[in-house]
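*Asks:* Quick one, what's the 3D model for this:
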Amino acid sequence: MENSSLFIILSRMRVPFLVIISTYTIAIAGLLIIDGVDANGNTYHMSIFDAFYFVTYTATTIGFGETPFEFTYSQRIWVTLSIYLTVIGWFYAIGSLVSLLQDQLFLKEIEKAKFKRQVKNLKEKFIIILGYNQITSEIIKKSLDQGLRTVVIETDKAKKNALLLENFTPFVPILLTSNYSLKSLELSGIKKTNCKAVVSLFEDDYLNLKISLISKLLNKHVIIASKSTTLNHTENLKDLDVEIIVNPFSIISSEINMALSSPNILRLEKWLYKIDTLDSKLPLFPSGKYIICGYGRMGKSIYKKLSKNNIDVKLVEIDKNVAKQLNQENLDITFGTADDRQTLLDIGIEDSVAIVAATDDDITNLSIVATAKKLNPKIMTIVRENEMEDYSIFQNANIDHLFMPSKILINKTANALINPISDIFLRMIIKQDNIWASKLVRRLIEKIDNNPLLFEVEINEKTTPEIYNYLEKKNSLTLDILSRSLHNKEQSNNVVPLLLQREKESILLPQWEESINIGDKLLLACDKYAINDIEYISQNIYEFYYALTGEEKRTIFKRK
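*Replies:* Have a look, this model is predicted:
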């Protein structure tokens, strides 16, 4: 039934309503039948209105008195019985109503109806986030900062209350449900045209795959951001055309690989994620023997990248249950306690250059680092931090390189959702070499500064009306229209074009002479003054004319 809360009310209160109607009917019928006496001593019978009026105020225990005339003893005996009858009926009805208001099913339906109204009233673009935790909380904050609304689906009441206590502005609607089902996604507005994306970052790969599949079936145009922890699962998500696939362990190993082979690409990545500036110190990974403690998802990814770079790697695994699998891979691995002094000495901690603590337990990782530092004070430490709450502890542990899968999830997902062209740019530059990246870093610093702003713009009627109108008239424009300074026509702004994306192609570092078309999406690196000029050129007819011709456009007033 469409209105389940109304159905529950009618179902639960039907008998109490009938009881009240029946008691009223019996009481009124008796007053209509029993003879009364008027002020002159003549026999009379009460009207239906008088009987209903009298029963109404006596049944509710208000009691104004006898009306319209003083009652006979027969009437008083009947009224006495009627009072007990109707009051009992009211008590029963009120008790049923109180019970209904405490009924969990009814309260859930009321909350669901409220949630549906909130989603229906959403006019801005929004994303659906499944599950509320520290990671998705940060994604919500970043999205709201950029004007992107969010809707949350959660199965845990405590987490729902935690979200409400955050008191996000604007308000974040949340649906409490028993499971992440097709019905839940429909209620959350996935079929609405302004639903931009669905975010599923659970540890359970199967659940992420299920949600991705359902979401694509419900709305093929919606963007999916899904977490993956294995190569096989990543391939399954790609088969479903999932746009944003985040594997934090693969990203960590890629960052280490970039630090070893293409440090300037890593520099660009950190700048894009707003972690560091373009001139920040790069992480140095020395040559020599590395020890990896914990051959799980992160340890395995790092091992593959280090081996690819011909680095000697020793493995320490705590869990002997994985011995069979590791033996099949023909790996030289030591089983034992990774923070045990003797184990580390036996594996060669004293002549190693780096140790990777990659287990899924923060205390174990900190203990490994502490023991390793005691045995080899010069060793470089690479540590995995699992819980965001432990950040201050890790900061004080004097760790060289700290990797937090949860923060990587936040950065990657938020950047891909809020700055989709920036995410495409990042995926393209990873395929370039260090020399190419070094030239781009130098160009950005010399042209703008060490921390350029990113600006994404799409050529359409809404965001760039003046450029759109000019191109629609079959005129041609080149990219350099966006570089013009509105303060001095002889100068250009501090802008570097990073990417031009069209339906059939993506041009990396396009030239200023490149033509632009309606529907093009641009990623520009610039300063705040350039952003202001670009917005004026795109939206103001006079500024556009000046950028196009170098002359002021005059306003001509026609005489009446």
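*Asks:* Next, the contact list for residue 253, please.
*Replies:* Going by C-beta atoms under 8 Å, 6 or more residues apart in numbering, residue 253 touches 298, 301-302, 304-305. Yep, even glycine has a C-beta here, placed from its N, CA and C like the rest.
*Asks:* Let's see that with 6 Å instead.
*Replies:* Residue 253 sits next to 301-302, 305 when contact means C-beta atoms under 6 Å, 6 or more residues apart in numbering.
*Asks:* so which strand or helix has it?
*Replies:* Residue 253 is part of helix 248-261 when elements are defined by DSSP states H and E.
*Asks:* what's the answer for residue 346, then?
*Replies:* Residue 346 belongs to helix 341-347, assigned by DSSP H and E.
*Asks:* Could you export that helix as CSV, CA atoms only?
*Replies:* Presented in CSV, the C-alpha positions along helix 341-347 are these (Å, rounded to 0.1, in the frame of the first residue of the first chain):
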residue,chain,number,x,y,z
ARG,A,341,63.0,-9.0,18.0
GLN,A,342,64.4,-12.4,17.1
THR,A,343,62.2,-12.8,14.1
LEU,A,344,63.3,-9.4,12.7
LEU,A,345,66.9,-10.2,13.4
ASP,A,346,66.7,-13.6,11.6
ILE,A,347,65.1,-12.0,8.5
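*Asks:* coming back round to it: tell me the most packed of the contacts of residue 253, by neighbour count.
*Replies:* Greatest neighbour count in the contacts of residue 253, by other C-beta atoms under 10 Å, goes to residue 302: 27 neighbours.
*Asks:* The closest residue to residue 141 other than its chain neighbours: neighbouring residues, count only.
*Replies:* Closest residue to residue 141 apart from its sequence neighbours, by C-beta to C-beta, 6 or more residues apart in numbering: residue 168 at 7.6 Å. As a burial measure, residue 168 scores 17 neighbours (other C-beta under 10 Å).
*Asks:* Could you list the buried residues of the helix holding residue 253?
*Replies:* 248-260 (16 or more other C-beta atoms under 10 Å).
*Asks:* and the next element down the chain from it?
*Replies:* helix 263-272.
*Asks:* Packing partners of that next one?
*Replies:* Contacts defined by 3 or more C-beta pairs under 6 Å, 6 or more residues apart in numbering; DSSP states H and E place helix 263-272 against helix 248-261, helix 420-429, helix 434-447.
*Asks:* which residues are contacting that helix?
*Replies:* Residues from elsewhere that reach helix 263-272 (C-beta under 6 Å, 6+ apart): 255, 258-259, 276, 278, 282, 422, 426, 429, 434, 437-438, 441.
*Asks:* Give the pairing partners of the helix or strand just after it; include direction for each.
*Replies:* The helix or strand immediately downstream of helix 263-272 is strand 290-293, counting by DSSP H and E. Looking at strand 290-293 with DSSP bridges, its partner strands are strand 313-317 (parallel), strand 354-357 (parallel).
*Asks:* residues making contact with the first one?
*Replies:* With contact meaning C-beta under 6 Å, 6+ apart, strand 313-317 is reached by 290-293, 295, 303, 306, 333-335, 338, 347.
*Asks:* Also the last one?
*Replies:* The set of residues external to strand 354-357 that reach it, using C-beta under 6 Å, 6+ apart, is 290-293, 302, 365, 368-369, 372, 379-380, 382-383.
*Asks:* Show the subsequent helix or strand relative to that strand.
*Replies:* Heading C-terminal from strand 354-357, the first helix or strand you meet, by DSSP H and E, is helix 362-375.
*Asks:* Which positions within that following helix qualify as buried?
*Replies:* Under the neighbour-count criterion of 16+ other C-beta under 10 Å, helix 362-375 has 362, 364-369, 371-373 buried.
*Asks:* I'd like those residues written out as CSV, with distance to residue 146 and pLDDT added.
*Replies:* Shown next, in CSV, are the buried residues of helix 362-375 (distance: C-beta to C-beta, whole Å; pLDDT from 0 to 100):
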residue, distance to residue 146, pLDDT
362, 31, 88
364, 38, 89
365, 34, 90
366, 35, 90
367, 40, 91
368, 39, 91
369, 37, 91
371, 44, 92
372, 41, 92
373, 41, 91
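*Asks:* Switch the strands paired with strand 290-293 over to TSV; also include mean pLDDT.
*Replies:* Output for these, formatted as TSV (pLDDT from 0 to 100):
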stretch	mean pLDDT
strand 313-317	87
strand 354-357	92
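*Asks:* which stretches of the stretch 201-350 of the chain have low pLDDT?
*Replies:* Counting by pLDDT under 70, the stretch 201-350 of the chain shows low-confidence ranges at 319-330.
*Asks:* ok, 80 please
*Replies:* For the stretch 201-350 of the chain, residues meeting the criterion pLDDT under 80 lie at 282-284, 318-332, 336-339.
*Asks:* can you count the residues close to residue 235?
*Replies:* Neighbour tally, residue 235, other C-beta under 10 Å: 11.
*Asks:* Could you measure from it over to residue 67?
*Replies:* 84 Å (C-beta to C-beta, to the nearest Å).
*Asks:* Kindly report the same for residue 479.
*Replies:* Taking C-beta to C-beta as the measure, residue 479 falls 90 Å from residue 67.
*Asks:* Neighbour count: the two, which is higher?
*Replies:* residue 479 (20 against 13).
*Asks:* Just the closest of the buried residues of helix 362-375 to residue 159, please.
*Replies:* Relative to residue 159, the closest of these is residue 362; by C-beta to C-beta it sits at 21.4 Å.
*Asks:* looking at the chain, which helix or strand is least sure?
*Replies:* Least confident helix or strand, the chain: helix 323-328 with a mean of 58, by mean pLDDT, DSSP states H and E.
*Asks:* I'd like the next helix or strand past that helix.
*Replies:* Note on helix 323-328: by DSSP H and E, the next helix or strand toward the C-terminus is strand 333-335.
*Asks:* which parts of stretch 484-500 are buried?
*Replies:* Buried residues in stretch 484-500, counted by 16+ other C-beta under 10 Å: 484-486, 492-500.
*Asks:* ok, now which ones touch residue 303?
*Replies:* Residues in contact with residue 303 (C-beta under 6 Å, 6+ apart) are 292, 313.
*Asks:* show me what contacts residue 399?
*Replies:* By C-beta under 6 Å, 6+ apart, the neighbours of residue 399 are 381, 383.
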